[in-house]
Each structure stands twice: as C-alpha cells, then as structure tokens.
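[1] Next come a sequence and a model predicted from it.
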Amino acid sequence: MLDIKQIRNQTEQVKAALGRRGDYDLSSLLALDAQQREIEKTRSDLQASSNEVGKSVGQKMRGGADPKSDEIKALKDEGNRLKQEISELEPKERELKVQIESILLTLPNLPSDSTPEGKSEDDNVEVRRWGDELIDADKTCLPHYEIGEKLGIMNFERSVKVAQSRFVTLIGAGAALERALISFMLARHTDAGYTEVLPPILVNSDSMQGSGQLPKFAEDGFKCDRDDLWLTPTAEVPLTNLHREEVLTAEQLPINYCAYTPCFRREAGSYGRDTRGLIRLHQFNKVEMYKFVHPDSSFNELEKLTADAEDVLQQLKLPYRVLELCTGDLGFGATKTYDLEVWLPSAGKYREISSCSNCVDFQGRRANIRFKESGKKGTQYVHTLNGSGLAVGRTMAAILENYQQADGAIAVPEVLQKYMGVDVIK
RNA sequence: GGAGAGGUGGCAGAGUGGUCGAAUGCGCUCGACUUGAAAUCGAGUGUACCGAAAGGUACCGUGGGUUCGAAUCCCACCCUCUCCGCCA
C-alpha cells in the first residue's frame, strides 16, 4: 500500500512514478482524502466539546448538584445536541475512509528510479549470464515432460484423473529428486543464515491482503469458502504475515526466513500457455526466501537475496541469466525485481525460475509491520523482500533437460547425489 | 462438535458508570549513591491521527447499543485456554 501522506504531499512525484507503470488517476482519491480530513477535524472538535460537557456534569454531580436541576439539565441537553451532530458526521467519515482504503489497496507499488522503462516482459533488461549451456539447442533434445514420462518418474494423465489438468504426480526417482532438491535448497539457505520455517499453507483473507494478493487478485487464488481460508499461492503470504501487526525492534532486523511450501495458483488467463509439463501447474513446490530489513539496507539486501538464489543454480551447474524487470512487468507489490531464468534446451530459451523483489514498505504498511529504533520516537515500517530459491518443479525440468545423457538417462547433479543416494536416473 | 473460563500497556496484574490512557509490580531509559557493579533512592517510559506549537481526538479482543459520560452496563461476533468427544 502506498502512503496517503506521500500521495498528498508529493502528488506530482507519485503520479510520475505510477505513470511509468500505467494509467492511474489520483484526483478522486485526493478529493476523498481532503473531504475526510475536513470532516475528521470538525468531528474531533465536536468530540472535544462533548467530552468537556461530560466532564463538567461529572464534577457537578460529585459536588452534590441536584441531577434534576436546570443547570445539569442544560448540560445534558448540550451533550445530546453535540452527540446528534457527531452522529451525523461519523458515518460519512467512516464511509470516506473505506473508500480511500479501497482505492489505496488497488494501487501498485512505485517502481524504483533504476527500474527500466518498458511495456512488457520483452523490455526487461538482461543484467548478466552464467554458465555454459550443457546441451546445444540444435541437438535433438527432448522436453522434460517426455523425458519424465519415458523414465516413468512423472505422470500427467493419471493426475488428471485424480485432480484435473495442470497437476502432476511424481513417482519413484522423480519424487525423490523433488525431495532432494527441496532438502538441498533449504540446506543451502540455512547455511547462508536464513531460518527455516514451515508455515501454514492455508491462510486467511487478512493475510492475503497483507502481502498484496487481495483484493485485486482474488481470481488467481484457490479458496476454501466455508472457512475464509485460501491455499497459499506462495510462501511469501504466510511469511509476510508471520509478523503482521507487530512492532519489532531494530536489533531484530534483518530477519531472514526460508520456507518450503506447496503453492497453489488458478493460472486463470493462461489456458493456452505451457499446457504440458512442469512449467505451469496449479500445484507446485517452491522454496522461498524472505527478509524483513531496515529501510536503509533493503536495496543492498536485494542484491544479496538474488545472489543467494543464483547460488542454487550455480551449485546445480544450471546455466541461467538475470533480468531486471521493466516497469511494465514489475509485480504489484514490488519496487524492483530481478528474475532468474534458467536455460531450457528443448525450448531453446531461458525460462523464469526465480523472482527476487524488494517491496520496500509496501507490504509493511499493508500488514502493519513496524520496528522501533531505541532512542528514536515513533515507529517505522519495515522493508520486505522475497525471492524464490527456487521454484522446485521448474528446477527439476531444467535438470532433466540439461543433464540428459545420450542413452536417455539423467545424470544426477553432483550436489544432489548425497540427497538422492544415486548418481544417475534411468 | 459439547460444556466451562477468559481476553486491559513490553510482561504480570488491579480496576464493575465520571477527575481512567488506565493503580501496583517487573522490565526498560536517565540521574543520584558506589572505585566499579549489585542493592537502594529519584525521575521518566504505549501507538496512531490532526496541529507550527499549545493542545486535541481515538484506542482496554472486534463491531454495534444504552448514557450528558463506558475499560466498567447490554447485544452480536472473533480469538485463547481447560475439560469431554473425535482424530494424524
């Protein structure tokens, strides 16, 4: 959520920054805000008078005044009159606040100054590449889902029977490889100083709003209606909300979490895309990294977070590139994002496998997560960052394709061998 | 799911209609005493919004109601705990 004060006081800057992402009209928001403030001022003055009246009645009564005296009666009448006036303003003020809030909740975060200009993913800027492509795109290279089905380690058809399309069942070495990847990633991150968390994966609507999924993206989520619970689309949701409505101390920061969770997405609006394989499923596994940090360090922390995600790919010796997202492709809550794309030889292109974002105070304000610096008055919102480290299914896809051997077997990446207990899948 | 108890400041805990944003204790900060520390003593110590400031408003789980006035009374809801039932 954006800061209404900033919108009010630095309107032109906010407009310009939002304008880089799309078309946003702030005039009605500002008008509502001005109205609300005026009503609030009037109401709180009336309230002060009313409190005065109440106090003086109390004083006189204790002083032995007759409750039926004209003096007391006059005060009560005055109190009633004020109450009447206040009660007329209150609903208006409340309504205005609701309207303002609902507009604020739909405004995306402001892009950072360094975020490149652009309309779509085509305008993202490549920052660097890493690794040699193990397999030439020219060479006959099977897509991961064909490899998987041939080896009997994944099954899509039966998953349709069990659930529906866009689900997978992993079997034998496939299931073991997925588990090995999760363990390996978590081990890597905990070594790097992240605390492992296994959070609830059903989350309530307040949590979904706190991290930015609601109200705007309700269509993307799976919901258990009877209970006001949603299946988490990403561990970012429970991790953000772990500290919702809290005031942390500056000494507690930074807080670094990593978490493995299944993730659930409807993938509405992507019916034709990536219909086969592990790339776009309704349910997938992900290891997420998450940071709560001091505002001074969040951009620096984004570089570290991205490096921690890259480290997983490097350990697995998977070629990848790093993109900085342009204004048109930036996620709703993010101010600056690096995407990691892994090389998929069957497609002859790089595919997103991680997204690392600095949300600055956007989620902190939404979820009311603050911190206090000793000696300083008041509180500040924490900055939050999230990054996949990594999407597990897509990592498996990359491994199957990049590590396939001439005989159709899959070499197990060295760092996974101790988790798998074998060095080849055939 | 059934029965009962309860939700008050960082924590513990008092407060059952008025001067209560809230006693007291602990914690924390500053000061005094001390060679230093402990102990002791003194002062201070919530958050948000409005305001240049003085100051004002709101907040005692949440939302409504009664009243001139609500932490306190009434209604609804939420949550937590204990016991029973069910259960990985």
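    Structure received.

[2] For the residue of the stretch 101-250 of chain A found nearest RNA strand B, give its distance to residue A:379.
    Minimum separation of the stretch 101-250 of chain A from RNA strand B (CB to the nearest atom of the strand) falls at residue A:247, amounting to 6.6 Å. The way it works is simple: take the backbone N, C-alpha and C, and place the C-beta from them, glycine included. Per CB to CB, to the nearest Å, residue A:247 is found 6 Å from residue A:379.

[3] So for these two, which residues contact both of them?
    Residues touching both residue A:247 and residue A:379 (CB atoms under 8 Å, 6 or more residues apart in numbering): A:370, A:371, A:372.

[4] Now do the contacts for residue A:153.
    Under the criterion of CB under 8 Å, 6+ apart, the neighbours of residue A:153 are A:170, A:171, A:172, A:173, A:174, A:175, A:177, A:425.

[5] In strands, which of those residues fall?
    Secondary structure assignment by DSSP state E places A:170, A:425 of the contacts of residue A:153 in strands.

[6] Tell me how far stretch A:195-213 lies from the chain's centre.
    Between the centre of stretch A:195-213 and the centre of its chain there are 9 Å (CA atoms, centre = their mean, to the nearest Å).

[7] Check whether that stretch comes into contact with RNA strand B.
    No - legend: contact between stretch A:195-213 and RNA strand B by CB under 7 Å from any atom of the strand is lacking; minimum distance shown is 8.7 Å.

[8] Quick check: residues of chain A near RNA strand B?
    A:5, A:37, A:40-41, A:44-45, A:47-48, A:50-51, A:53-55, A:57-59, A:61-62, A:75-76, A:79-80, A:83, A:94, A:247, A:370, A:372, A:374, A:377-379.

[9] in what helix or strand does the residue in chain A that RNA strand B sits nearest to lie?
    The shortest separation between chain A and RNA strand B is 2.4 Å, found at residue A:79 (distances taken as CB to the nearest atom of the strand). Remark: residue A:79 resides in helix A:70-104, with elements defined by DSSP states H and E.

[10] Which positions in that helix come out as buried?
    Buried positions in helix A:70-104, judged by neighbour count with 16 or more other CB atoms under 10 Å: A:72, A:75, A:78-79, A:82, A:85-86, A:89, A:93, A:96, A:99-100, A:103-104.

[11] Show me which helix or strand of chain A is least confident by mean pLDDT.
    strand A:247-249 (a mean of 86; mean pLDDT, DSSP states H and E).

[12] Direction included, what does it pair against?
    Its sheet considered, strand A:247-249 pairs with strand A:370-372 (parallel) by DSSP bridges.

[13] For chain A, which residues score under the pLDDT cut-off?
    For chain A, the stretches with pLDDT under 70 are A:133-139.

[14] Which segments of it make up each domain?
    Here chain A is described, according to automatic domain parsing, as comprising the domains A:25-104, A:121-425.

[15] Find the one among those with the highest mean neighbour count.
    Among those, the stretch with the highest mean neighbour count (mean count of other CB atoms under 10 Å) is domain A:121-425, at a mean of 19.

[16] Quote the end-to-end distance of that domain.
    Start and end residues of domain A:121-425 are separated by 35 Å (CA to CA, to the nearest Å).

[17] residue ranges of the helices in the stretch 51-200 of chain A, please?
    For the stretch 51-200 of chain A, the helices identified by DSSP state H, counting those that start in this stretch occupy A:70-104, A:144-151, A:157-162, A:173-191, in order along the chain.

[18] Kindly report the same for the stretch 301-426 of chain A.
    A:362-367, A:392-402, A:414-420.

[19] could you say what helices and strands the longest one packs with?
    Read that as helix A:392-402. Under the contact criterion of 3 or more CB pairs under 8 Å, 6 or more residues apart in numbering; DSSP states H and E, helix A:392-402 touches helix A:144-151, helix A:173-191, strand A:283-293, strand A:336-344, strand A:349-358.

[20] gap between the second one and the chain center?
    By that I understand helix A:173-191. 23 Å.

[21] Now do that helix: everything it contacts.
    Here helix A:173-191 makes contact (CB under 8 Å, 6+ apart) with A:148, A:151, A:153-154, A:170, A:196, A:258, A:260, A:285, A:287, A:289, A:308, A:311-312, A:315, A:389-390, A:392-393, A:395-396, A:399, A:412, A:415-416, A:419-420, A:422, A:425.

[22] if we go to 7 Å?
    By CB atoms under 7 Å, 6 or more residues apart in numbering, the residues outside helix A:173-191 that reach it are A:148, A:153-154, A:170, A:196, A:258, A:260, A:285, A:287, A:289, A:308, A:311-312, A:315, A:389-390, A:392, A:395-396, A:415-416, A:419-420, A:425.

[23] before we move on, what about the fourth one?
    Counting by CB under 7 Å, 6+ apart, strand A:336-344 makes contact with A:112, A:114-115, A:124, A:127, A:133, A:302, A:306, A:309-310, A:313, A:318-325, A:330-331, A:350-358, A:394, A:397-398, A:401-402, all of which sit outside it.

[24] Run the chain-centre distance for that strand.
    Here strand A:336-344 is found 17 Å from its chain centre; the criterion is CA atoms, centre = their mean.

[25] May I have the residues that are in contact with residue A:329?
    Counting by CB under 7 Å, 6+ apart, residue A:329 makes contact with A:118, A:120, A:121, A:124.

[26] 6 Å - rerun?
    A:121, A:124 (CB atoms under 6 Å, 6 or more residues apart in numbering).

[27] ok, so what distance separates residue A:34 from residue A:28?
    From residue A:34 to residue A:28 the distance is 11 Å (CB to CB).

[28] Overlap in contacts, these two.
    The overlap between the contact sets of residue A:34 and residue A:28 (CB under 6 Å, 6+ apart) is empty.

[29] Find the helix or strand that residue A:33 is a member of.
    Secondary structure assigned from DSSP H and E places residue A:33 in helix A:27-62.

[30] Mind giving me the packing neighbours of that helix?
    Applying 3 or more CB pairs under 6 Å, 6 or more residues apart in numbering; DSSP states H and E, one finds that helix A:27-62 makes contact with helix A:70-104.

[31] packing partners for the helix it packs on?
    Contact partners of helix A:70-104 among helices and strands, from 3+ CB pairs under 6 Å, 6+ apart: helix A:27-62.

[32] is it true that the residue of chain A closest to RNA strand B touches residue A:53?
    Yes - the pair formed by residue A:79 and residue A:53 meets the contact definition of CB atoms under 6 Å, at 4.5 Å.
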